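1. quick one, fold the following:
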Amino acid sequence: MKVLVAMSGGVDSSVAAALLLDAGHHVTGVTMKLWGGESDTGCCSVSDVDDARRGARVLGIDHHVFNFGDRFDADVVSPYIAAHAAGDTPNPCIECNRHVKFDKLLVRARALGFDAIATGHHARVVDQPDGTRRIARGADHAKDQSYVLYMLGQRQLDGTLLPVGGITKAEVRSMAARLGLPTAVKPDSQDVCFITSSTGRAGFLRSRVPFTPGRVVDGVTGAELGRVDAVELVTVGQRRGVGLSGGDGTPRYVTGVDVDTATITVGPERDLLGDEVVLRDVVWADQPVSGQVHAQCSAHGAALPGSFDAATGTLTWDQPRRRVAPGQAVVLYDGDAVIGGGLALRSGVNEGTNAHLGDARTVR
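-> The predicted model follows:
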């Protein structure tokens, strides 16, 4: 099989290429040039391209660079900025997977005659009894990345390989060291690739979004308790950065963000609890599912039980839990397998009443 491996310059993708070679595939490496601006974190720096190229040389495979900068700007960076301007909390890595790695790259690979693409994600592609496929949790649950791949449907899964999903991170590094790969001891990428460590999220957004000073108000009395410099930088569930504590020493958390009125609502932790979250832009691995599911609301959070109504996009928790920030992904699981997911529109009673399902569809 001819496989195009997305080599980010990290250890996981380098080992993914090595495993495919061991399995007898014809392997070519590619690094995607995505962000044209300043970068010192993530997977888009010049040094990452060099690391990927050196890894390919050690493995004896061809290596190319594809420039997808325009697509990245349009489908990842611009929506990230717009989401903050609207008071949402986006996940740009998910949108990069959705629009670039498993769309643009997959289309390019097929046009060039490759049978599949592969990445270094710690997740698995599993076959179902009915012949369909699912994304499932990787063998190393501490490094599991199935959450950020929830948008993959049958069309993408039919052409995707995830070679390191069946082994642990320790095994990945051990193999890299044994092969003499330059990425063997390279730290994992932790940050958004277009956000530099020196300026941070605020510095990146400041030149792109007009910040709005806002009031901080008590969620029960409506009394003004303080001010923030930019409501666009505040997210539901946040505790630090608003400079407040309860008069009795009880910590206060952000329970609502209203950009239109420049108002941040705060309250004790119990005010963050909610029974449901409504999802927009719901996608499915195969067919829509209603009924009992487990749902995960962050990349490394726990999947908690609840009931999902596919007709309305409403997830009702079995037990009240912390409200999900609007814009965050909520991923639905059946055991270890991803069945679908969407983005939080509203959660709990204080997030407004404008719930709608959005574009609920099956991704194929």
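
2. ramachandran angles for Lys104?
-> The phi and psi values for Lys104, taken as degrees, to the nearest 10, are phi -60, psi -50.

3. quick one: it from Pro90, how far?
-> 19 Å (C-beta to C-beta, to the nearest Å). Using the backbone N, CA and C atoms, a C-beta is placed for each residue, glycine as well.

4. my read: Val216 touches Tyr253, true?
-> No. In this structure Val216 lies outside contact range of Tyr253 using C-beta atoms under 8 Å: 11.5 Å.

5. common neighbours of the two, please.
-> Val266 (C-beta atoms under 8 Å, 6 or more residues apart in numbering).

6. show me where the stretch 151-300 of the chain dips below the pLDDT cut-off.
-> For the stretch 151-300 of the chain, applying pLDDT under 70 flags the ranges 190-191, 243, 245-249.

7. could you pull out the strands for it?
-> Taking DSSP state E, counting those that start in this stretch, the strands of the stretch 151-300 of the chain run over residues 160-161, 214-218, 224-228, 253-258, 263-267, 273-284, 291-296.

8. more neighbours, Lys104 and Pro90?
-> Pro90 (22 against 18; other C-beta atoms under 10 Å).

9. hang on, isn't that one packed against Val77?
-> No. Pro90 sits out of contact with Val77 when judged by C-beta under 8 Å, with a separation of 10.4 Å.

10. per the record, what domains does this protein have?
-> By the assignment in automatic domain parsing, the chain contains the domains 2-121+162-179, 212-267, 271-362.

11. can you put those in CSV and add distance to Asp140?
-> Putting the domains of the chain into CSV (distance: least, C-beta to C-beta, whole Å) gives the following:
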stretch, distance to Asp140
domain 2-121+162-179, 4
domain 212-267, 27
domain 271-362, 12
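
12. nearest to Ser146, out of those?
-> Closest of the domains of the chain to Ser146 is domain 271-362, at 5.5 Å (criterion: C-beta to C-beta).

13. how about the helices of the protein, start to end?
-> In the chain, the helices defined using DSSP state H lie at 11-22, 46-59, 69-72, 78-86, 92-96, 105-111, 154-157, 169-179, 200-206.

14. let's see the third one as CSV, backbone CA atoms only.
-> Put plainly, it is helix 69-72. The C-alpha trace of helix 69-72 is given here as CSV (Å, rounded to 0.1, in the frame of the first residue of the first chain):
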residue,chain,number,x,y,z
GLY,A,69,-1.3,28.1,4.5
ASP,A,70,-4.3,29.6,2.8
ARG,A,71,-6.6,26.8,3.9
PHE,A,72,-5.2,27.0,7.5
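
15. now that helix: how far from the chain's centre is it?
-> Relative to its parent chain, helix 69-72 has a centroid offset of 18 Å by C-alpha atoms, centre = their mean, to the nearest Å.

16. let me know the average pLDDT across that helix.
-> Mean per-residue pLDDT for helix 69-72: 94.

17. what sits up against that helix?
-> For helix 69-72, the surrounding residues in contact (C-beta under 8 Å, 6+ apart) are Lys33, Leu34, Trp35, Gly36, Cys96, His99, Val100, Lys104.

18. pick the one among those residues closest to His26.
-> Nearest to His26 among these, with distances taken as C-beta to C-beta, is Lys104, at 22.0 Å.

19. my read: the closest one touches Val76, true?
-> No. Using C-beta under 8 Å, Lys104 is not in contact with Val76, being 10.9 Å away.

20. circling back: possible to save the helices of the chain as CSV with distance to Ala295 and mean neighbour count?
-> Below are these laid out as CSV (distance: least, C-beta to C-beta, whole Å; neighbours: other C-beta atoms under 10 Å):
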stretch, distance to Ala295, mean neighbour count
helix 11-22, 26, 24
helix 46-59, 33, 19
helix 69-72, 29, 17
helix 78-86, 21, 17
helix 92-96, 15, 22
helix 105-111, 27, 17
helix 154-157, 21, 19
helix 169-179, 25, 16
helix 200-206, 26, 16
